[in-house]
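[1] 3D, please:
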Amino acid sequence: MTTTELKMITLDCADVRAEAAFWAGLLGWDVAVVEDEYAMLTRAGAPALGLGRVEDHEPPAWPNPRGTKQFHLDLGCEDMAASEARAVELGGSVPDEQPGETWRVLLSPAGHPFCLTDAANW
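    Okay, the predicted model is just below:
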(Lines give C-alpha, C1' and ligand atoms only; values in the text may rest on other atoms or scores of the structure.)
Protein backbone atom coordinates (compact mmCIF):
# COMPACT_ATOMS: atom_id res chain seq x y z
CA MET A 1 0.00 0.00 0.00
CA THR A 2 1.23 3.50 -0.84
CA THR A 3 1.67 5.93 2.02
CA THR A 4 0.69 9.55 1.53
CA GLU A 5 2.22 12.00 3.94
CA LEU A 6 1.54 15.66 4.69
CA LYS A 7 4.77 17.53 3.95
CA MET A 8 3.72 21.18 3.85
CA ILE A 9 0.81 23.51 4.55
CA THR A 10 0.80 26.64 2.39
CA LEU A 11 -0.96 29.90 3.22
CA ASP A 12 -1.75 32.57 0.65
CA CYS A 13 -0.83 36.17 1.45
CA ALA A 14 -0.04 39.54 -0.10
CA ASP A 15 3.34 40.12 1.62
CA VAL A 16 5.38 36.93 1.81
CA ARG A 17 8.31 38.44 3.68
CA ALA A 18 6.12 39.92 6.44
CA GLU A 19 4.17 36.69 6.83
CA ALA A 20 7.38 34.61 6.91
CA ALA A 21 8.90 36.85 9.59
CA PHE A 22 5.71 36.61 11.64
CA TRP A 23 5.39 32.81 11.57
CA ALA A 24 9.14 32.18 11.97
CA GLY A 25 9.24 34.51 14.97
CA LEU A 26 6.11 33.09 16.59
CA LEU A 27 6.90 29.40 16.02
CA GLY A 28 10.69 29.64 16.30
CA TRP A 29 11.07 27.82 12.98
CA ASP A 30 13.87 28.20 10.45
CA VAL A 31 13.36 30.22 7.27
CA ALA A 32 14.57 27.79 4.61
CA VAL A 33 13.63 30.06 1.67
CA VAL A 34 12.27 33.58 1.48
CA GLU A 35 11.59 35.55 -1.68
CA ASP A 36 8.99 38.12 -2.67
CA GLU A 37 6.75 35.41 -4.16
CA TYR A 38 7.34 32.45 -1.86
CA ALA A 39 8.76 31.35 1.49
CA MET A 40 9.19 28.05 3.30
CA LEU A 41 9.62 27.61 7.05
CA THR A 42 10.90 24.35 8.48
CA ARG A 43 11.33 22.51 11.75
CA ALA A 44 12.73 19.01 12.18
CA GLY A 45 9.98 16.43 12.45
CA ALA A 46 7.17 18.75 11.34
CA PRO A 47 5.55 19.48 7.98
CA ALA A 48 6.89 22.68 6.41
CA LEU A 49 4.90 25.89 6.34
CA GLY A 50 4.80 27.52 2.92
CA LEU A 51 3.74 31.08 2.14
CA GLY A 52 2.74 32.10 -1.36
CA ARG A 53 2.07 35.56 -2.74
CA VAL A 54 -1.36 36.00 -4.31
CA GLU A 55 -2.21 39.20 -6.15
CA ASP A 56 -5.14 41.01 -4.49
CA HIS A 57 -5.18 38.55 -1.60
CA GLU A 58 -8.33 38.83 0.52
CA PRO A 59 -7.91 37.48 4.04
CA PRO A 60 -10.67 35.39 5.56
CA ALA A 61 -12.97 37.23 7.95
CA TRP A 62 -13.14 36.66 11.70
CA PRO A 63 -15.72 36.13 12.91
CA ASN A 64 -16.99 34.53 9.76
CA PRO A 65 -20.77 34.16 9.68
CA ARG A 66 -20.76 32.72 6.13
CA GLY A 67 -18.34 29.91 6.97
CA THR A 68 -15.89 30.83 4.22
CA LYS A 69 -12.84 30.59 6.52
CA GLN A 70 -11.48 27.43 4.97
CA PHE A 71 -9.09 26.34 7.71
CA HIS A 72 -6.95 27.66 10.54
CA LEU A 73 -3.97 26.56 12.61
CA ASP A 74 -4.32 25.53 16.27
CA LEU A 75 -1.16 26.21 18.27
CA GLY A 76 -0.50 24.68 21.68
CA CYS A 77 1.59 26.93 23.92
CA GLU A 78 2.98 26.78 27.44
CA ASP A 79 1.99 30.37 28.22
CA MET A 80 -0.95 31.68 26.20
CA ALA A 81 -0.53 35.28 27.35
CA ALA A 82 3.16 35.30 26.42
CA SER A 83 2.45 33.70 23.03
CA GLU A 84 -0.30 36.24 22.36
CA ALA A 85 2.00 39.12 23.27
CA ARG A 86 4.73 37.71 21.01
CA ALA A 87 2.28 37.37 18.10
CA VAL A 88 1.17 40.99 18.48
CA GLU A 89 4.79 42.14 18.75
CA LEU A 90 5.47 40.35 15.44
CA GLY A 91 2.60 42.13 13.67
CA GLY A 92 -0.38 39.92 14.47
CA SER A 93 -3.61 41.20 15.97
CA VAL A 94 -6.31 40.09 18.41
CA PRO A 95 -9.89 40.45 17.16
CA ASP A 96 -12.60 41.50 19.60
CA GLU A 97 -14.69 38.39 18.91
CA GLN A 98 -13.39 35.42 20.92
CA PRO A 99 -14.85 31.89 21.19
CA GLY A 100 -14.41 31.38 24.94
CA GLU A 101 -11.85 30.92 27.67
CA THR A 102 -9.75 27.94 26.49
CA TRP A 103 -9.00 29.22 22.97
CA ARG A 104 -7.66 32.60 21.88
CA VAL A 105 -8.13 33.64 18.24
CA LEU A 106 -5.47 35.85 16.65
CA LEU A 107 -4.84 37.04 13.10
CA SER A 108 -1.53 36.88 11.25
CA PRO A 109 -0.38 40.02 9.39
CA ALA A 110 -2.10 38.62 6.25
CA GLY A 111 -5.34 38.16 8.20
CA HIS A 112 -5.22 34.38 8.63
CA PRO A 113 -7.00 33.36 11.84
CA PHE A 114 -5.20 30.97 14.16
CA CYS A 115 -5.87 29.78 17.69
CA LEU A 116 -3.73 29.59 20.78
CA THR A 117 -4.53 27.09 23.51
CA ASP A 118 -2.76 25.55 26.49
CA ALA A 119 -0.35 22.86 25.27
CA ALA A 120 -1.29 20.74 28.29
CA ASN A 121 -4.77 20.31 26.76
CA TRP A 122 -3.29 18.26 23.91
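[2] pLDDT (mean, whole number) over stretch 11-20?
    On average, the pLDDT along stretch 11-20 is 96.
[3] can you list the residues that contact it?
    Applying Cβ atoms under 8 Å, 6 or more residues apart in numbering, the contact partners of stretch 11-20 are 31, 34-39, 41, 49-54, 56-57, 91, 108-110, 112. The way it works is simple: take the backbone N, C-alpha and C, and place the C-beta from them, glycine included.
[4] can you give me how far it is from the chain middle?
    What separates the centre of stretch 11-20 from the centre of its chain is 10 Å, taken as Cα atoms, centre = their mean, to the nearest Å.
[5] measure that stretch end to end?
    10 Å (Cα to Cα, to the nearest Å).
[6] Of all the residues in it, which ones are buried?
    11-16, 18-20 (16 or more other Cβ atoms under 10 Å).
[7] Over to stretch 77-84?
    Under the neighbour-count criterion of 16+ other Cβ under 10 Å, stretch 77-84 has 77, 80, 83-84 buried.
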